[in-house]
Structures are given as structure tokens and as C-alpha cells.
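[1] what would the 3D arrangement of this be:
(chains A and B, ligands or ions: 2)
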Amino acid sequence: MRFSFASLLRNAFSAHTGWPEQWRSPEPKAAYDVIIVGAGGHGLATAYYLAAEHGITNVAVVERGWLGGGNTGRNTTIIRSNYLWEESEALYDHALDLWQDLSQVLNYNVMYSPRGVMMLAHTVHDVQVSKRHVHANRLAGIQNEWLSPEEAKAFCPPLNISRDIRYPVMGAALQRKGGVARHDAVAWGYARAASALGVDIIQNCEVTAIRRGPDGAVTGIETTKGPIGAKKIGVVAAGHTSVVMGMAGLRMPLESYPLQALVSEPLKPVFPCVVMSNTIHAYISQSDKGDLVIGAGTDQYVSYSQTGGLHITTHTLDAICELFPMFRRVRMLRNWGGIVDVTPDRSPILAKTPVKGLFVNCGWGTGGFKATPGSGHVFAHTIARDEPHPKNAPFTLERFRDGRLIDEAAAAAVAH
Amino acid sequence: MLLITCPICGPRPEIEFRNMGEAHIARPTPEGTSDDDMAAFLYLRSNPKGLIAERWRHVHGCARFFNAVRHTVTDKFVTVYEVGAPKPDLAALAADLAADLAAREAGR
Ligand SMILES: Cc1cc2nc3c(=O)[nH]c(=O)nc-3n(C[C@H](O)[C@H](O)[C@H](O)COP(=O)(O)OP(=O)(O)OC[C@H]3O[C@@H](n4cnc5c(N)ncnc54)[C@H](O)[C@@H]3O)c2cc1C
Ligand SMILES: [Zn+2]
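    Ligands and ions are numbered 1, 2, ... in the order given. You can find the predicted model right below:
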């Protein structure tokens, strides 16, 4: 079934009772060419591009919960590509390119909205770091521009630019192409498109072990629905990557932390863009439903609790209320946490591993939603060809041994 | 916010403390250590879903370092102990916890 004006009209006349299921829910087969562990956006996108671009359709995506129920469905959906290093610029900008027509490609409205992402600078250090980013980005042909406080306020009128607040706005970096998308729709759109190409999406099925042959190569997985054979396995399990890779005896350069977000009651359109402040851990935009979507920081300790300390969100709301005084009276409706997998250099790992047939896509930490299409695209290439795509070639596991870190951490400890 | 028991000052709110990551990762001497072992020391972590032995520092109190065992799903502390003390047997502690839980379930 394709979505079109005609199909919308037809279903409107039958009171929208005629829409079919958007993806199949099959029982697992005995074996697949490729198994993807984790049906978040990245895993589903990988499966879709394996089928659509590499003709590999005998693929299963195995998910312990429901698809999109991990960080994909919990994130604040900020999309941008103005990272510091050339390797990151290339990877994130590849994703930004794919976002442009993703709704058309998937025939599913992912509500990509390039409304501009503005990153505030509050200290002299912030100003220097932000300008360094702007200059590095312009050299690499990546859109990013520097705004004075007055220009920042013109772009986002609710912003408080008075000089006497705790963290005054000293300027901002703006990427106009940046924006947001509907997180659930991204997972659903990729799931639907992958399923239509023959990919089996198996939900409520936890991977509990990785099977290996006498030569050490992977031969399959064990799950709560029984064993499933596989020639290749791609682990895309975000916060649980260390747990899954441990099943193959690998220790990872990762630590998992709770990261929180919250949404307010719905308001009329008041907030035109996305505003981020890495210094005071406040990230805000307004969804099409009208609620303010607010991102906070991580807890300081390793945890799989999927909640997070309330003092973290309180701190973020302090900052939001000072930067946008008109939001002081707004009520918050819901708060939740996701478990993010953080690497030492705050850059992802998309690579082959020392175990034959085992591939890993992880370490997106606090900021991987924006990369979903690009990540799936280059990871599918890596699995299909047994070698990385040029854009993810630097994002290996070995970079930690070789000292070739892609150090986005120096720029911002949290990088939504 | 966690309530954390500093071995010197007693129970205090989490914001007085700084988490210093996984405990018992010994620094190798650079001479004669392979790149792989050096990378493992610097970057590879257990990141367990379950019991973790970790370092804390009571920065806004006595400023002392200490170690603790905590469960990373419930965030509950199981024990705190001094820096330099041997690593507790995490598997045995986990078995104790499981037995405790089973006993409580049975009592219900
Ligand atoms: C509060 C919050 C705000 C964020 N804000 C932003 C933002 O504004 N912009 C941005 O770019 N990024 C943001 N991020 C980060 C972003 O959400 C993630 O980087 C991205 O969604 C990761 O996608 P994924 O598909 O890899 O992971 P997930 O969506 O988490 O998918 C991994 C899946 O693996 C499954 N899994 C785990 N273990 C197993 C197992 N043993 N067997 C089977 N399945 C398993 C999980 O259930 C899960 O569904 C945010 C994250 C959070 C938590
Ligand atoms: Zn103390």
C-alpha cells in the first residue's frame, strides 16, 4: 500500500477503518543471512538499506521490546551536522543529505522540519569554541554561522538576552538546515519500508547469547524465542551494546548513562526554532502538537535504570526559565529517561569487530537520532561488503588503540 | 538523587559526590605494555547491567576517594569500602542479592 492523496481520500470516506497493518509480525525463520540486534531507528535503517541498496533481503531485526521503544522513541529529535572534525562533518552531513527527501523515499511522512538549530554561547570560552566550529564548518562546506545576541533574539524572539542573568547570551551558532523530525515516524517509516522488501521484524524477542563456530565466526543467536542462525550479525543496541557484545566475549569502550527529557502541556505556536545550550544542558523546541520538548543532561554514574535523577531535570528547567522567562508558568506533563552509550571521544563506532561476521554500530550516546539515515546507510554497506563505506571508515574500534580519536568530547560533553 | 554513604562522613546527598568511574583498573607501566593493553586500561570498561564496583569522591565534603558496589538497574548501593581494599566478589554478592529476593518473595 502506498500513501497518496487518493488513498487518504478513500480512507477518509471509510472513516479510516480500512488502513492495513504497516509491517508484518512474522515468527522467526530458522536462519537469516543477516540478523540485526535492536529495532531502533539505526537498526531498522540498516535493514532497510541492506534490502534496498544491497539486495540482501533475507534479514531479521530482533528487538527485545517494541520497535522504536529505545532511545529512538525517547529523544528530543534535534538534527544538525555542524560538528568539529572532518570525519564527523562528513558522517553527520551525509545523514543531513538523506533527511532532505526521506519522507518521499520511504513514502512515509517523517515530518523533517529544517527550522534552524541555534547553539548558545554563554562564556568567553563558549564563544571561542563556537566560532572555531563555525570556521571549521565553513572550510568543510558545512552550513554554520555566527550570530550576535541581537541577531539570536531576532531569530528566536522568546530568548532573554539581558546582560545580567546567570548565563548571559554572548552569541550563538546557527545551522539553518538543522531542525527536528518525528522520532516515531522515523522508526515506523523504516520498519514499514524494510518489511515491504522482505525484512522480518521480530519484536518482544531478546537476544540472550551469540553463537560461534569452531573458527570463532558467528553462526547465530539465542533468543527468548529460541535459536536463530545467521551468517552475519549487526549489533545496534545503543545503551545495551556492552551487554550484547559481552555475549561474544568483547569488552567495549562504552559507558551507559541515563539521559532525560520532558515535555510540557501543549501551547499555541510560540517557539520557531531549536535552541541548545551545551554549557547549561538545556535543549528546547516545540513539537507540532504544541508541547515544548526539553532535553536535559546525563546522570554522572553508569546506570540502566531508564529514569535518572530529578535534580538533573530541575537544573535544566532553571536554565530554560531564565533563558525564556515566558515559560515559567508552563506546566510539565511527562518526564522520562533513555540509556545512552557513551564513548571516550563522544564519537560513534560503526565497524567490523575482531569476531568474524560480527559488526557493531554504537556509541551514538546523547546525539545519534540526527544520524539515523546516514548511520543505517553506511552500516548496511559495511555489513554487505565486509568493508566500511568511506564515510564510516574512521569510526573503528581500533582508533582507541591507535590513538586516532575523533574528539568531539572536547567541544561538548553532551551533543544532542 | 542518590543517597550515598561516605565511609568518613556518613549518608549524604549525591550532589556532594563525584562519580569517578569503574574501580580496580590498574594502570600498567608504559614500558613493555602493548598498545592493546594500554587501550584496554584507558578505554575499555565492563559497563555491566548488574553489580558494578566503582569509585566515588566526596568532593564537597571530606574530599576523600572511596569505592562502592552498586546495582546499575536499581541504582541501590550494596556496600562501600576503602580504596586499596580488594575488589569484592561481585558474583557472590549478586548470588546473595538473588537469594534475599527469593526469600522475600517466598515470605510474601
Ligand atoms: C532523552 C534523550 C534525548 C536525546 N536527544 C537527542 C537529540 O535531540 N538529537 C539526537 O540526534 N540524538 C538524541 N538522543 C540520542 C538518540 O536518541 C540515540 O543516539 C539514537 O536514537 C540511537 O538509536 P538506536 O537505534 O541506535 O538506539 P535505540 O533506539 O535505543 O535502539 C536500540 C534497540 O536495541 C534493543 N536491544 C537492546 N538489547 C537487546 C537485546 N539483548 N536483544 C534485542 N534487542 C535489544 C533495545 O530494546 C532498543 O530498542 C537522545 C537520547 C535520549 C535518551
Ligand atoms: Zn566524606
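[2] now residue A:172: which helix or strand?
    strand A:171-175 (DSSP states H and E).
[3] tell me if that strand is near ligand 1.
    No. Residues of strand A:171-175 contacting ligand 1 under CB under 6 Å from any ligand atom: none, with a closest distance of 12.9 Å. Quick note: C-beta positions are derived from backbone N, CA and C, even for glycine.
[4] over to stretch A:388-408?
    No. Against ligand 1, stretch A:388-408 shows no contacts by CB under 6 Å from any ligand atom, the least distance being 12.5 Å.
[5] helix or strand right after the strand holding residue A:172?
    Of the helices and strands lying after strand A:171-175 in sequence (DSSP H and E), the nearest is strand A:179-180.
[6] longest helix in chain B, by residue count?
    helix B:90-107 (DSSP state H).
[7] other residues contacting that one?
    B:50, B:51, B:53, B:69, B:71, B:78, B:79 (CB atoms under 8 Å, 6 or more residues apart in numbering or on different chains).
[8] can you flag the buried ones in those?
    Using 16 or more other CB atoms under 10 Å in any protein chain shown as the burial test, the contacts of helix B:90-107 include B:51, B:53, B:69, B:71, B:78 as buried.
[9] redo those as CSV? Include distance to chain A.
    Formatted as CSV, the buried ones among the contacts of helix B:90-107 follow (distance: CB to the nearest CB, whole Å):
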residue, distance to chain A
B:51, 11
B:53, 11
B:69, 12
B:71, 9
B:78, 14
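[10] just the residues you listed now: which is nearest ligand 2?
    residue B:69 (17.8 Å; CB to the ion).
[11] for ligand 1, see how far away that closest one is.
    Here the criterion is CB to the nearest ligand atom, to the nearest Å. By it, residue B:69 lies 24 Å from ligand 1.
[12] and for residue A:105?
    Remark: distance between residue A:105 and ligand 1 (CB to the nearest ligand atom) = 18 Å.
[13] so that residue lies in a strand, does it not?
    No. Judged by DSSP: H, G, I helix; E, B strand; the rest coil, residue A:105 forms no part of a strand; its state is helix.
[14] and the worst-scoring helix or strand of chain B on mean pLDDT, what's buried?
    Sorting the helices and strands of chain B by mean pLDDT, DSSP states H and E puts helix B:90-107 at the bottom, at a mean of 92. Under the neighbour-count criterion of 16+ other CB under 10 Å, helix B:90-107 has B:90, B:93, B:94, B:97 buried.
[15] please list the residues of chain A that sit near ligand 1.
    Counting by CB under 6 Å from any ligand atom, chain A sits next to ligand 1 at A:37-43, A:62-65, A:69-72, A:74-78, A:206-207, A:236-238, A:240, A:244, A:259-261, A:295, A:338, A:340, A:364, A:366-370, A:416.
[16] and stretch A:307-322, C-alpha only, in CSV?
    Coordinates of each C-alpha in stretch A:307-322 appear next as CSV, following Å, rounded to 0.1, in the frame of the first residue of the first chain:
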residue,chain,number,x,y,z
THR,A,307,14.9,7.0,34.7
GLY,A,308,17.6,9.4,36.0
GLY,A,309,17.8,11.9,38.9
LEU,A,310,15.3,14.6,39.3
HIS,A,311,18.0,17.2,40.2
ILE,A,312,19.2,16.9,36.6
THR,A,313,15.9,18.0,35.1
THR,A,314,15.5,20.7,37.8
HIS,A,315,18.8,22.2,36.7
THR,A,316,17.7,22.2,33.1
LEU,A,317,14.4,23.8,33.9
ASP,A,318,16.3,26.5,35.9
ALA,A,319,18.2,27.3,32.7
ILE,A,320,15.1,27.2,30.5
CYS,A,321,13.1,29.6,32.8
GLU,A,322,16.0,32.1,32.8
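[17] for the strand holding residue A:172, name the packing helices and strands.
    strand A:117-121, helix A:124-139, strand A:145-147, helix A:149-155 (3 or more CB pairs under 8 Å, 6 or more residues apart in numbering or on different chains; DSSP states H and E).
[18] how far out from the middle of the chain is stretch A:81-94?
    Distance of stretch A:81-94 from its chain centroid, counting by CA atoms, centre = their mean, to the nearest Å, is 14 Å.
[19] try stretch A:51-67
    With CA atoms, centre = their mean as the basis, stretch A:51-67 stands 18 Å off its chain's centre.
[20] is that stretch up against chain B anywhere?
    No. Figure legend: stretch A:51-67 not in contact with chain B (CB under 8 Å from any CB of the partner chain); closest approach 12.0 Å.
[21] tell me how chain A divides into domains.
    Following automatic domain parsing, one finds the domains of chain A at A:20-81+A:84-107+A:183-253+A:345-402, A:117-179+A:256-342.
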